[in-house]
Structure formats: structure tokens, C-alpha cells
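>>> quick one: sequence and predicted model below, then my questions.
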Amino acid sequence: MEAVDIVILGAGAAGLFCAGSILGEGGGAARVLVLDHARAPGEKIRISGGGRCNFTNLATERDRFLSRNPRFCASALAGFRATDFVAMVDRAGIAWHEKTLGQLFCDGSARQIIDMLLHRMRGAELRLETAVQGVSRQGDRFIVATSAGPISARHVVVATGGKSIPKMGATGIGYEIARSFGLDLVEPRAGLVPLTFAQQDLDLCRPLAGLSVIAEVSHGAGKRRASFRDGLLFTHRGLSGPAILQISSYWQPGEMITADLVPGVDIAAALRDQRGQGGRISPAVALTRWLPARLADAIAAVTGLQGARLADQGNAALDRLGARINRWALRPVGSEGWRTAEVTLGGLDTAMLHSHSMEVRSVPGLYFIGEVVDVTGWLGGYNFQWAWASAHAAARAI
Ligand code: FDA
């Protein structure tokens, strides 16, 4: 049987980075094998950030991550920071820019990040088109079952990602491996995903498909309140855009979300002021001060104020219109699911792992890193930063 020191399962962001870090951390003499069933490494990196890879976020803090244990990710994130990755990108001569909110993108192409990662791990062997089927323990070694036969290793790093976008090679193998060792999972579910809506909301959204506004979308109340001010996009299937993707990670079936289409402006009060100054125009026209005309028309229509004169409206009607704009309550019926989700929430329960090394507490030598673990970042480069940081923590320990 083929025998190596370290097998890394998955040649995605976390797996590639881990291999390079092991070699860089003095493991140069170790035989490191990276396995993936895909034809090419780093496929999600290649398509990320619209082809420019939003490779990290300068505002990385643990409160930007969802997990059953929100404190778990802090140790790995502190051990390898966004600025550490930026230094690496600079050394590789890759030009980058900050788009917004600390989000860093390549000026050129995501391919440059893949090339950098491959260059870093050139002392390791990358074996593609090899499917991982399972892992078992034999004495002080592991046996990795693959489509090309078994491989024996002293250390196994599971970096097989989550379930999002099966077309890109995502499988649930990481969860199966966890279960086979008796490890607990937090039920995986789709995150950073467009939400779908009932007919009544679709009737408003569909004719507006393609239109985008900056909105504040929120969910929950009190300590559990999450809120994002960002782009909201009307689509044929409902609503998308960064604000919706962000809130989708917090939303649970049956719950409501609220969209404020003109954050920071009390629309009912503003319309009352305008009414006091004459108000010969329609409410829809008055709204074009803050909203695109098509959206203003559509909202005036659903509140029964299309064609009316602002001057003829009582406070109750303007309050109704204002509420529809500042507190649009929506009950999503679902999400687009794994097909389009950018990430997988849930995964290996962090209680199973040492936070400084990502090593399984009950199985020394077995590590889980990246998206397969129950740590999921916001949109904006946080998920790659988690992949780098968790991979670095494991590499340092190995
Ligand atoms: P990843 O999914 O990258 O890698 C897992 C690897 O395991 C894959 O190569 C897969 O083929 C392999 N594998 C799975 N099952 C296997 C099996 N049975 N046998 C062998 N190999 C197997 N994040 C971010 O921070 N900034 C961004 O710009 C974006 N953009 C973005 C766009 C899109 C469209 C998506 C879908 C996702 C993003 N993300 C993102 C999220 C980011 O891509 C994701 O969080 C990381 O790729 C996770 O890295 P991992 O290495 O954990 O998994």
C-alpha cells in the first residue's frame, strides 16, 4: 500500500494553503499528498469574486462568523491575520485593490491566487481526479480509501469543503468521514444564498427584475438581531444581492425578514413635509427623490396610491406607504439551496476540535479545516480568510 506522511483531502482554498504552510513551517522533508476528485485545483477560488477573488477582508473579527460556538474561530484567526495573507499576495507580486468594507480583490484574475498557492506547495504532490471515499484508523496510522486504491498516512487533514454548488465538485464526504469517527455535526444548510418568495411578493419583484437599491435588510430582534446595509437586487425569482445573501445565513424557515428600502430617511415624515409644501405631484413622483421611478411606481401601486395626488393623502395613507418602504416585511418561503449557495452553514461541530490546531480531540492526527467545519463567514472575503487561518493552524500543529 502506498504510504505517505500527510494526506490532505481536497485541493480547495484550505487544502492548498495547508500543504504550502506545512512545507513552509519546516515540514519540507515530509511527504505531503493532496487529493481531489476534480480535474483542476481551487475551482471555487477561480470563480470567486466574479473571477477576481475577494481573497480576504481587512475587518476580519470573530463577530463576522456564524458558528454554534462563536468564540471557536478566534484562536486560528489571531494566528493568521488578513494582513499576513496580504503580505503573501504582495510578495507574489499580485496587484489588488480594496473594493468596499475592507474587501480585497485581485486587480487581475483569481487565477493568480491559485498559481500563488500552487507555487507555495510545490514540494507536495497534487493528485487530481482521485475521489476520496472514506478514512479509517489502523494502529497509529490512517487508511484513506480512494478511487485509485488505499493510501496510508500518519496525519489526515479533511479539507473537502461544504455542500454548496455540487456542480463545482462539492460532496458531503467530509461529513461522512466525521460520522464514521463518531463525531458530531451541526446540521449543514445553505448560506449566502438568494431567498425565494411567495406569489404575492413575486408579483412586486418580477417586473422590477434587474433593479438594485441600497437597502438595510434585517432579521430577528434584540441580541439576535442581524442587519446589513448593502445592495438589494430584484430578480425573476424574488430578491438577491449582497444584503439578502448576508441575511440568508441568519434566516430560518418560517421567519420574517424586514427590508428598509431607504435607510436613514423616515419616508412618511418626509412625504408629510412635502405635502405641506403644495403636494400637487403624486406620491410615486415624490418618492423618486429616494427611489428609482419603477420601484416608486410599483410601491405606490401596491399601497393603492398610484395616480393619486400627494396633497389629497391623509396621514394614515402616508404612514402606510412609509411603512412599506422603511419596514417592508417579507416572509421568504425558502432559499435557492445548494445549487447557488456560496457557502455551507453548519458542519463539523467545533466542540470536536482543538481551536488552536483544528485537530480532532478524540482522534489525534486527524484534522478538519475550512468550510467543512461549523464556522461560516459573512460575504466579503471572510470565508477565504477562515480557510487560510484554519489551514495555517493545522499546518503549524502538524
Ligand atoms: P473548497 O470547496 O474550496 O474545496 C474543497 C475541495 O474538496 C474541492 O476542490 C472539491 O473538489 C474537493 N472534494 C470534495 N469532495 C471530494 C471527494 N469526495 N474526493 C476528493 N475531493 C473532494 N469566499 C470568499 O471569501 N470570497 C469570495 O470572493 C468568495 N466567492 C465565492 C463565489 C462562489 C460562486 C462560491 C460558491 C463561493 C465563494 N466563496 C467566497 C466561498 C469560498 O469559495 C469557500 O468558503 C472556500 O472555497 C472554502 O474553502 P475549502 O477549501 O474549505 O473548500
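Arrived safely, thanks for sending.

>>> please name the bridge partners of D260.
Beta-bridge pairing for D260 (DSSP bridges): E216.

>>> check V132 too.
T146.

>>> show me what contacts it?
Listed by CB atoms under 8 Å, 6 or more residues apart in numbering, the contact set of V132 reads L9, G10, L35, H37, V144, A145, T146, T160, I173. Where C-beta positions appear, they are placed from N, C-alpha and C, glycine not excepted.

>>> now with 10 Å?
For V132, the contacting residues are 7, 9-10, 35-37, 144-147, 151, 156, 158, 160, 171, 173-174, 176-177, by CB atoms under 10 Å, 6 or more residues apart in numbering.

>>> list only buried entries from those residues.
Among the contacts of V132, those classed as buried by neighbour count (16 or more other CB atoms under 10 Å) are 7, 9-10, 35-37, 144, 146, 151, 156, 158, 160, 171, 173-174, 177.

>>> taking these one by one, which sit in helices?
Residues of these located in helices (DSSP state H): I173, G174, I177.

>>> surely the last one touches I143?
What it means is I177. No: with contact taken as CB atoms under 10 Å, I177 and I143 are classed as non-touching, separated by 12.0 Å.

>>> what's the overlap in contacts for those two?
By CB under 10 Å, 6+ apart, the residues touching both I177 and I143 are G134, V135, S136, V156.

>>> the ligand: which of the residues you listed is nearest?
G134 (9.3 Å; CB to the nearest ligand atom).

>>> list the contacts of that closest one.
I143, V144, A145, T146, P150, I173, E176, I177, S180.

>>> likewise A316?
Here A316 is in contact with A268 (CB under 10 Å, 6+ apart).

>>> could you do the one 5 residues further on as well?
Residues in contact with L321 (CB under 10 Å, 6+ apart) are 267-268, 271, 283-284, 286-287, 299-300, 302-305, 310, 313.

>>> do the same with A148
For A148, the contact set (CB under 10 Å, 6+ apart) comprises E2, L35, R127, E129, T130, A131.

>>> can you tell me the element the fourth one falls in?
With elements taken from DSSP states H and E, nothing contains E129; it lies in neither a helix nor a strand.

>>> wait, R339 touches R237, no?
No: contact between R339 and R237 fails when scored by CB under 10 Å: they sit 11.5 Å apart.

>>> can you list the ones in helices among the buried ones among the contacts of V132 in TSV and add distance to P194?
Putting those into TSV (distance: CB to CB, whole Å) gives the following:
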residue	distance to P194
I173	26
G174	25
I177	30
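
>>> which among the residues you listed gets closest to the ligand?
The ligand lies nearest to I173 out of these, by CB to the nearest ligand atom, at 3.7 Å.

>>> before we move on, the earlier item: of R339 and R237, who's got more company?
The residue with more neighbours, out of R339 and R237, is R237; 16 against 12, by other CB atoms under 10 Å.

>>> relative to the ligand, how far out is the closest residue to R225 other than its chain neighbours?
Using CB to CB, 6 or more residues apart in numbering and skipping residues adjacent in sequence, the residue nearest R225 is S218, 6.3 Å away. Distance of S218 to the ligand, given as CB to the nearest ligand atom, to the nearest Å: 23 Å.

>>> rewinding a little: could you list which of the contacts of V132 also contact the ligand?
G10, L35, D36, H37, T160, T171, I173 (CB under 6 Å from any ligand atom).

>>> confidence-wise, which of the residues you listed comes last?
Taking these together, the minimum pLDDT is found at T171 (91).

>>> enumerate the residues of the stretch 151-300 of the chain near the ligand.
A159, T160, G161, S164, I165, G169, A170, T171, I173.

>>> where does this structure dip in pLDDT?
For the chain, applying pLDDT under 70 flags the ranges 25-28, 279.

>>> run the last query once more with 90
24-30, 100-101, 166-169, 198-204, 220-224, 236-238, 276-280, 303-308 (pLDDT under 90).

>>> remind me, longest strand of it?
Taking DSSP state E as the assignment, the strand of the chain that covers the most residues is strand 226-235.

>>> tell me the contacts of the residue in the stretch 201-350 of the chain positioned nearest to the ligand?
For the stretch 201-350 of the chain and the ligand, the shortest gap (CB to the nearest ligand atom) falls at E342, measuring 4.0 Å. Each residue near E342 by CB under 10 Å, 6+ apart is listed here: 44, 48, 162, 164-165, 190-193, 245, 248-249, 371, 376-377, 379, 383.

>>> how does it look with 6 Å?
By CB atoms under 6 Å, 6 or more residues apart in numbering, the residues touching E342 are L192.

>>> kindly report the same for G123.
Here G123 is in contact with L23 (CB under 6 Å, 6+ apart).

>>> are we agreed that it is in a helix?
No: under DSSP: H, G, I helix; E, B strand; the rest coil, G123 falls outside any helix and is assigned coil.

>>> now it: how far from D5?
Using CB to CB, to the nearest Å, G123 is found at 12 Å from D5.

>>> again with V89
Distance from V89 to D5, by CB to CB: 29 Å.

>>> looking at these two, which is more packed in?
Each of V89 and D5 has its neighbours counted (other CB under 10 Å); V89 has more, 19 against 15.

>>> state the helix or strand in which the more buried one lies.
Using DSSP H and E, V89 falls in helix 82-91.

>>> quick one: contacts of the helix or strand that that helix is followed by?
Following helix 82-91 in sequence order, the next helix or strand is strand 96-98 (DSSP H and E). Contacting residues not belonging to strand 96-98 are listed as L104, C106, D107 [CB under 6 Å, 6+ apart].
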